[in-house]
Structure formats: structure tokens, C-alpha cells
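[1] The following comprises the amino acid sequence and a computationally predicted model.
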Amino acid sequence: MDKLHTTQTGPVGTRSNPVENELQLVRAQLNDLIAEARQNQEILQRHQTLDLQLIGSQSFRELIRHIFITLAEICELDQVTLCLLNSQHNLKEMLADLKIDNDEFPYLLFSESETELRHGSRPLRKPLVGPYESKEHQRWFEPYPDQPNSVAIIPLIRQSKLLGCLNLGSDHPDRFAIDMGTDFIERLGSIIAICLENVINSERLTQIGLTDALTNVSNRRYVEQRMLEEIGRARRQHYGISCMYLDIDYFKKINDIHGHPGGDEVLKETAKRIKAELRLSDTLGRFGGEEFVVLLVNTNHEDAKYVAERIRKSIANQAFLLTMTGLCDVTLSIGIATLSDDHNSGEIEEAAKALLQRADEALYEAKEQGRNRVIDSPED
Ligand SMILES: Nc1nc2c(ncn2[C@@H]2O[C@H](COP(=O)(O)OP(=O)(O)OP(=O)(O)O)[C@@H](O)[C@H]2O)c(=O)[nH]1
């Protein structure tokens, strides 16, 4: 009786009954397996969340944020960089249009050719995992002050084309071991490649709808939309915003002398020269015919006048060289209006309309006064 009692409850009994021992061992193993299964399920759920976030990204900006923030968090990574092949989609140009710069995403890198993505002499076609080697990996983790201890370099391939590579770094030396299975990271690479292609295509389509086909600058719809956003932002962040209305002088005559194709060339070159004088945060749009509008963010009256004068000179001081008819002197007239922080109130739509109208009136005055000049509307 005593023996039976100790067998069922006490440690002495445990030792003395091989069946019970076996049972406890099996129970312990089962508990371990259940714990492992729960852990795996949790990991799976977190990865599903990550997949959904990546796939659900509506814009390039959103996708890149998920890669640098959500992926790093969910996968507990110490370093994440993404290198994209610029040549594949002329991405740098797209990012400039989206007003995305290096300050916003310092871990977004660019490569000009596939050769730059090679590992040693081999093209990057399969994930590479293992310890960090500065000779091979430094370029991918350069934006971080410290080196990781183990890394995974994952090619992003879509329809056999290399889009770039995703680079994961961990402080833990065993996190990416040479002999580890790469199924998960290959799958991650495929998902990110598909998502990248999707958002790039969708950004391109949006851009086409908001771009002037001849000059490749924004169209009127885009500038008007942007103006509302920028006036709202200027209001929140308490700075001034300026608007320029620009119109090529005697453009009808240019068309008459150099033909319509010559006139088109003048429009393209004018847009190019205006753009060259602007900051990335400014917006240039063609409003139709030979009229352009520029929005200068965080720019007061004096600074706007200075930029306008620079634009005027960049057009007037160097004749345009046209393909068929040779040199062509071009000038433009510019009207400026500023919406200072003190006066930025009321309905945003009304404020935008009034700003544009004042710039247009100043332009009219510039034409009246003899053209090839900058006239600013009295301060608001
Ligand atoms: N080549 C070309 N010409 C255009 C385009 N859109 C409008 N135009 C021409 O631009 C000319 C504009 O002429 P006006 O509005 O009289 O202005 P202007 O001759 O520049 O005179 P001011 O503005 O008063 O200096 C017209 O002849 C239009 O046909 C275009 O896309 N390409």
C-alpha cells in the first residue's frame, strides 16, 4: 500500500516505476512539442501579418516602410537595407517625382548595373547566408554605424529579371548560418519582388495620368491637387508658400517661324530649364499651351523673386538650339504671389484659387510692362 502510494505521487515512486518514468518522459516530450508547435504557430502568424502588410501596400513609400520597419520588427532583424537596380525602371526619376529622397529612406540603396550586385564573380541568383565579410557585404550595410555578425543577401527576381537585393543583418552570429535552410528567405524575396513590381507599375500609371505627355512635367490636375496639400501643410508647419505663373513670350510667333515641332521643342526645353532651377520639394506643372505654374514650398516673397529671376535668365540668356531650324531666342514672363503664414487661413480651396489668381494677375502685368520680366503681386 505504501509502495503503491509512493509510486503514484512521490519522486521515489517515479524512479522506481519504469512505466511511470516512461510516461513522464513522453509527457515532457509532448509538452515540448506543444510549446514548439505554439511557437511555430506564433511565428507563422507573425509572418502572415508581414505578408499581408507587404501585399497590401498601396504605394512605393508604404511598401518601403513595411520593409524597413515591419519586416525588421517581425523578423527581429538588427539591420535591413534594400538595393534596387536603377536601370530596371529608372527608379531614381520616379522617386524624385514622388518626392522621396535619401533622408527619408537612408537604407534604400541603388545600383546602376547587375554587375554591381555580383557576389565575387557570380551573378546573384540565390540567397547567400553566412557570417559578415566586410569585402563582400560592407556595401550593403554601409548606412549602419556597426557591422552585423551574420547576413542574408536575398536576390529580388521577377520574371527572371533581377530587381535588386534585400539585405538582412543580425548581431547574432548564428542567425544566418551557412548551412541553414533558405526556403523562408527565398519566399520572402519572391513576395517582395512581386510587391515591388506592383507598386512601381501602379506609381507609373498614376504618374502617367498626372503628367504632361509633351514636357514630362506634371499636368494641371496634379498641380491643383498638390497645391491644396501644400497649402494645408504650410498651414500646419507655419511657413510661407509661393506660386509662379510663367508664360513664354510671343509663342505664336515661335510656332510661325519654327513650325509646330519647333514650338514643341521650345516647350520641352523650357520645362527642362525651369526644373533645373528648382528644389526637389517644388512642383512644376504645365497648365496648357505655353503656360507653366511652379509651387515653391516653404518659400517667402523675396526668395520666390530670386528663383523667378534665375529662371527668367536661364531662358533668356541662352538661345535654344532647335533640331530643324537652328537657334531660337526665347523669353518668358513670370508673375509671383506668396501666401505667408500670417494670411494662410479660411477654406484651402479658396486660398489656392486666390493664390493662383494673384500670380496670374502679376503675369498679366509682366506682359503689359513689356514681357521678359518678373512681377510680383503685392504681399498678401
Ligand atoms: N507648338 C505648340 N504650340 C502650342 C501648344 N499649345 C498651344 N500652342 C500655341 O501657343 C500659342 C499661344 O499664343 P498666344 O496665346 O497668342 O500667346 P503668345 O503668342 O505667346 O503671346 P504672349 O503670351 O502675349 O507673349 C498659340 O499659337 C497656340 O497654338 C503646343 O502644345 N505646342
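    Right, received. Where do you want to start?

[2] so what strands line up beside the helix or strand harbouring residue 284?
    Assigning secondary structure by DSSP states H and E places residue 284 in strand 283-288. Next to strand 283-288 in the sheet, as set by DSSP bridges, lie strand 218-219 (parallel), strand 291-296 (antiparallel).

[3] For it, buried residues please.
    283, 284, 285, 286, 287 (16 or more other CB atoms under 10 Å). No exception for glycine: its C-beta is placed from N, CA and C like everyone else's.

[4] these two touch, right, the first one and residue 228?
    Looking back up the chat, that one is residue 283. No - applying CB atoms under 8 Å, one finds residue 283 not in contact with residue 228, separated by 11.8 Å.

[5] Now do the contacts for the closest residue to residue 130 other than its chain neighbours.
    Of all residues beyond its chain neighbours, the one nearest residue 130 is residue 178 (4.4 Å), with distances taken as CB to CB, 6 or more residues apart in numbering. With contacts taken as CB atoms under 8 Å, 6 or more residues apart in numbering, residue 178 has the following neighbours: 129, 130, 131.

[6] Of all residues in the stretch 201-350 of the chain, which one is closest to the ligand?
    Scanning the stretch 201-350 of the chain for the residue nearest the ligand gives residue 263, at 2.6 Å (criterion: CB to the nearest ligand atom).

[7] Tell me how far that residue lies from residue 303.
    Applying CB to CB, to the nearest Å, the value for residue 263 to residue 303 is 32 Å.

[8] Looking at these two, which has the bigger crowd around it?
    Counting neighbours by other CB atoms under 10 Å for residue 263 and for residue 303 shows that residue 263 has the greater number, 21 against 14.

[9] Setting aside sequence-adjacent positions, which residue approaches that one most closely?
    Leaving aside its chain neighbours, residue 263 sits nearest to residue 255 (4.0 Å; criterion: CB to CB, 6+ apart).

[10] Kindly report the residues of the stretch 151-300 of the chain close to the ligand.
    Taking CB under 6 Å from any ligand atom as the criterion, the stretch 151-300 of the chain approaches the ligand at residues 214, 247-252, 255, 260, 263-264, 267, 289-290.

[11] From those residues, keep the buried residues only.
    Buried by 16+ other CB under 10 Å: 247, 248, 249, 251, 255, 263, 267, 290, out of these.

[12] contacting residues around the first one?
    What that stands for is residue 247. With contact taken as CB under 8 Å, 6+ apart, residue 247 is in contact with 290, 291, 292, 332, 333, 363, 367.

[13] State the helix or strand in which it lies.
    Residue 247 is part of strand 241-248, with elements assigned from DSSP H and E.

[14] Tell me which stretches of this structure form strands.
    Per DSSP state E, the chain has strands spanning 79-85, 108-111, 128-131, 150-158, 161-170, 218-219, 241-248, 283-288, 291-296, 320-322, 326-328, 332-339, 374-376. These are given in chain order.

[15] any idea how far residue 30 lies from residue 22?
    Shown here: residue 30 relative to residue 22, a distance of 12 Å by CB to CB.

[16] What confidence value was assigned to residue 59?
    pLDDT, the model's per-residue confidence, is 94 for residue 59.

[17] ugh, wrong one, I meant residue 133
    At residue 133, the predicted lDDT confidence score is 94.

[18] Quick one: neighbours of it, just the number.
    Counted with other CB under 10 Å, the burial measure for residue 133 works out to 10 neighbours.

[19] Surely residue 366 is in contact with residue 377?
    No - the criterion here is CB under 8 Å, and residue 366 misses it with residue 377 at 10.6 Å.

[20] joint contacts of these two?
    With contacts defined as CB under 8 Å, 6+ apart, the residues adjacent to both residue 366 and residue 377 are residue 335.

[21] more crowded one of these two?
    When residue 366 and residue 377 are compared on other CB under 10 Å, the one with more neighbours turns out to be residue 366, at 26 against 21.

[22] got the contact list for the more buried one?
    Applying CB under 8 Å, 6+ apart, the residues contacting residue 366 are 333, 334, 335, 373, 374, 375.

[23] Contacts only, for the last one.
    In other words, residue 375. 333, 334, 335, 336, 362, 363, 365, 366, 369.

[24] and the angle for the strand holding residue 247 with strand 291-296?
    On the basis of axes from the mean of the first three to the mean of the last three CA atoms, to 10 degrees, strand 241-248 is oriented at 160 degrees to strand 291-296.

[25] Kindly calculate the angle that strand 241-248 makes with strand 332-339.
    Interaxial angle, strand 241-248 versus strand 332-339 (the same axes, to 10 degrees): 160 degrees.

[26] What average pLDDT does strand 241-248 get?
    Here the mean pLDDT over strand 241-248 is 97, rounded to a whole number.
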